[in-house]
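Asker: Return atomic coordinates for the entry below.
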Amino acid sequence: MKTRVAHCKITLAVAILKDFSKNVNLEKILQNLIDTQSIEAYKIFECENSVEVKDNFLSYIQESKVDLFDGTTNLFCSALDNGEFVRQIVENKIAYFEFDWRRKIFTKHISCDYLKFVSENSYLRINDMFALIGATDNKFNFPEFQNDYEQLWAIYTGKYTAAPSYEMAVKNWNRLCTSLEEYEGKRSPLLKIENFIKLQDTSKWYTYTYFLPTYTYQTVNKILAKFREFKIISADSSLVHYASDSCKVVVNCSVSLKNHLNKIFSEPRILLDYYDFQVEMSAADLLVKYNDLSVKEIDLGKDGNFSLSVLKELERGNFITSLIQPEYNNFSNISFKYSSPRIKKLLISAGAILEIYTFYQVLKTGYFDDVAVGYEFCWEDAEVKNELDLVLTKGFRSIFVECKAVAKLDLNYYHKLHSIAENFGIGTIKILVGNIYHQSNEKFQNTNDVNKLQRRRGSQLHVYTIWKQADIENIGAKLQEFMENGLI
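Answerer: Numbers count the residues shown, from 1 in each chain. Predicted coordinates for the structure are as follows:
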């Protein structure tokens, strides 16, 4: 392992009251710091009282010919003692300054006026912050909703209704997203190649040729690579550009696999890279999946009329198309199509809209230096993978944000956020945006009591909960306020 090269050395001056020095082996502690190359040297003063501490420190500073004294952090618990020490520093013509690390400016500069001309615009990049603690495989998802998020937020909050009810609208949106997520979880793959090992018997292989549109090249190439990996086609199976509008596929494989290939290649439209084909192993089977944008005969449940009202508004906004309800007041066989994969991803996760709205509201402030949404990373030397909804930095501080659109807050939300911030954060403020939607409904008083308890427990972990409607709708300015106030 490489050791870090020190660019500067630190000499530590420590004062300790004589009454305490008998119980603390301070010299051993400081010697350990030297052994680990944290400091170069140290000086210990055993003193009777704070007056003696001030005298010893002042003499030491003068003897060491200190150029600048940083008074940003108080050395003494007593404001009186600290003020007296600063007075002595200034009277002895030792250059004195104080630095506001939030705004990155020198607020005091006595006998060192040149410091007021120092401009520091550097900041902590998110990737660097996580890399310092050893996180790997860092990536974030950049949403493309800059033209849509305000219209989607209006639907989410029910502004399209005659008498908008924020809480009811959020509940309706969540109800729909939950139904769509369940539907997606049960969706069958395009193909299920059972016991694919049998297809590796080369004695029953034949050569088959297909001609496909040029736009399928990238996806077909990915599928063939996966099939080679699982050894169900020959290594010399090929894909080449054949003409300006077509490509040629030559595959050497089992007759049984040919039937599956026919199903894949019979509808070239779904072979656009847009549909994100995946080949996965499940037990002894291979599953071929793609991002199907059609929803057929979904059951929206007993309160399906509320979910249907959201779908109708989404269709008016062109976020979905071909909405069909075959029978009036029957919500068990609704069909439609998502307009794009990004809209599908948004609608199969109840909290995604809250995350996206927060992201764009943060960008609108223009205040933060670095912003990431859907930030994924792995712990060093481990297969533990985590994701944070938003990470923000300003200067050398950060905010970690988790967004939850739920009826009831869970203590695990707070523990997860606290754990990640403690391990990876630098000067980190921890925020949970909890869009809980039964706040004014007396029938859910027990739920509201639980949420109040969880917010209080979260505050014990220094995790702040933003849960009021006005604060959520003004979330960008609210997060800026947290950073400016310097809360941790």
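Asker: quick one: contacts for the nearest residue to T11 once chain neighbours are set aside?
Answerer: Nearest residue to T11 in three dimensions, chain neighbours excluded: A41, at 4.6 Å (C-beta to C-beta, 6 or more residues apart in numbering). C-beta: built from backbone N, CA, C; applies to glycine. For A41, the contacting residues are 11-12, 34, by C-beta atoms under 8 Å, 6 or more residues apart in numbering.
Asker: Torsion angles phi and psi at A41?
Answerer: The phi and psi values for A41, taken as degrees, to the nearest 10, are phi -160, psi 170.
Asker: in the sheet, who's paired with the closest residue to F227 other than its chain neighbours?
Answerer: Closest residue to F227 apart from its sequence neighbours, by C-beta to C-beta, 6+ apart: I233 at 4.5 Å. Beta bridges link I233 to C253 when assigned by DSSP bridges.
Asker: Pretty sure I233 sits against N252.
Answerer: Yes: using C-beta atoms under 8 Å, I233 makes contact with N252 at a distance of 6.3 Å.
Asker: More neighbours: which of these two?
Answerer: Comparing I233 with N252 by other C-beta atoms under 10 Å, the one with more neighbours is I233, at 24 against 16.
Asker: I'd like the next helix or strand past the lengthiest helix in the chain.
Answerer: Assignment by DSSP state H gives helix 166-186 as the longest helix of the chain. Beyond helix 166-186 in the direction of the C-terminus, DSSP states H and E gives the next helix or strand as strand 191-193.
Asker: That next one: what's the following helix or strand?
Answerer: strand 205-213.
Asker: how much space between the closest residue to I155 other than its chain neighbours and T157?
Answerer: Leaving aside its sequence neighbours, I155 sits nearest to E313 (C-beta to C-beta, 6+ apart; 5.0 Å). E313 sits 11 Å away from T157 when distances are taken as C-beta to C-beta, to the nearest Å.
Asker: for K116, same thing?
Answerer: For K116, the distance to T157 - C-beta to C-beta - is 47 Å.
Asker: Which of the two has more residues huddled nearby?
Answerer: Shown here are K116 and T157; by other C-beta under 10 Å, T157 has more neighbours (22 against 13).
Asker: I figured the more buried one hits V170, correct?
Answerer: Yes: counting by C-beta under 8 Å, T157 does reach V170; the two are 6.9 Å apart.
Asker: Counting neighbours, which bits of stretch 246-259 end up buried?
Answerer: By neighbour count on 16 or more other C-beta atoms under 10 Å, the buried set for stretch 246-259 is 247, 249, 251-254, 256-257.
Asker: Need the contact partners of that stretch.
Answerer: Contacts of stretch 246-259 (C-beta under 8 Å, 6+ apart): 193, 198-199, 201, 204-214, 216-217, 220, 224, 227, 232-234, 236-242, 261, 265.
Asker: can you pull the alpha-carbon coordinates of stretch 147-164 into PDB?
Answerer: Provided in PDB are the C-alpha atoms of stretch 147-164 (Å, rounded to 0.1, in the frame of the first residue of the first chain):
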ATOM      1  CA  ASN A 147     -39.400  20.500 -20.200                       C
ATOM      2  CA  ASP A 148     -42.000  18.300 -18.400                       C
ATOM      3  CA  TYR A 149     -41.400  18.300 -14.700                       C
ATOM      4  CA  GLU A 150     -43.600  21.300 -13.900                       C
ATOM      5  CA  GLN A 151     -46.600  19.800 -15.800                       C
ATOM      6  CA  LEU A 152     -46.000  16.400 -14.200                       C
ATOM      7  CA  TRP A 153     -45.800  18.100 -10.800                       C
ATOM      8  CA  ALA A 154     -49.100  19.800 -11.400                       C
ATOM      9  CA  ILE A 155     -50.700  16.400 -12.100                       C
ATOM     10  CA  TYR A 156     -49.000  14.900  -9.100                       C
ATOM     11  CA  THR A 157     -50.400  17.700  -6.800                       C
ATOM     12  CA  GLY A 158     -53.900  17.700  -8.400                       C
ATOM     13  CA  LYS A 159     -53.900  21.100  -9.900                       C
ATOM     14  CA  TYR A 160     -56.000  19.900 -12.800                       C
ATOM     15  CA  THR A 161     -59.000  19.100 -10.600                       C
ATOM     16  CA  ALA A 162     -61.900  21.600 -10.000                       C
ATOM     17  CA  ALA A 163     -61.100  21.700  -6.200                       C
ATOM     18  CA  PRO A 164     -57.400  20.700  -5.800                       C
END
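Asker: that older thread, which residues does the residue nearest to F227 contact?
Answerer: Applying C-beta under 8 Å, 6+ apart, we find I233 in contact with 224, 227, 251-253, 257.
Asker: how far away is it from H260?
Answerer: From I233 to H260 the distance is 11 Å (C-beta to C-beta).
Asker: what's L363 sitting at in phi/psi?
Answerer: According to degrees, to the nearest 10, L363 has phi -60, psi -40.
Asker: same question, D276
Answerer: phi 50, psi 70.
Asker: Contacts only, for it.
Answerer: Contacts for D276 were tallied using C-beta under 8 Å, 6+ apart; they are 290-291, 341.
Asker: give me that answer again for 10 Å
Answerer: 219, 222, 289-291, 341 (C-beta atoms under 10 Å, 6 or more residues apart in numbering).
Asker: Strands - which of the residues you listed land there?
Answerer: Using DSSP state E, the subset of these located in strands is K289.
Asker: Which among the contacts of D276 count as buried?
Answerer: With neighbours counted by 16+ other C-beta under 10 Å, the contacts of D276 contain buried members at 219, 222, 289-291.
Asker: what would those residues look like in CSV with distance to T447?
Answerer: Below are the buried ones among the contacts of D276 laid out as CSV (distance: C-beta to C-beta, whole Å):
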residue, distance to T447
T219, 46
K222, 46
K289, 37
Y290, 39
N291, 35
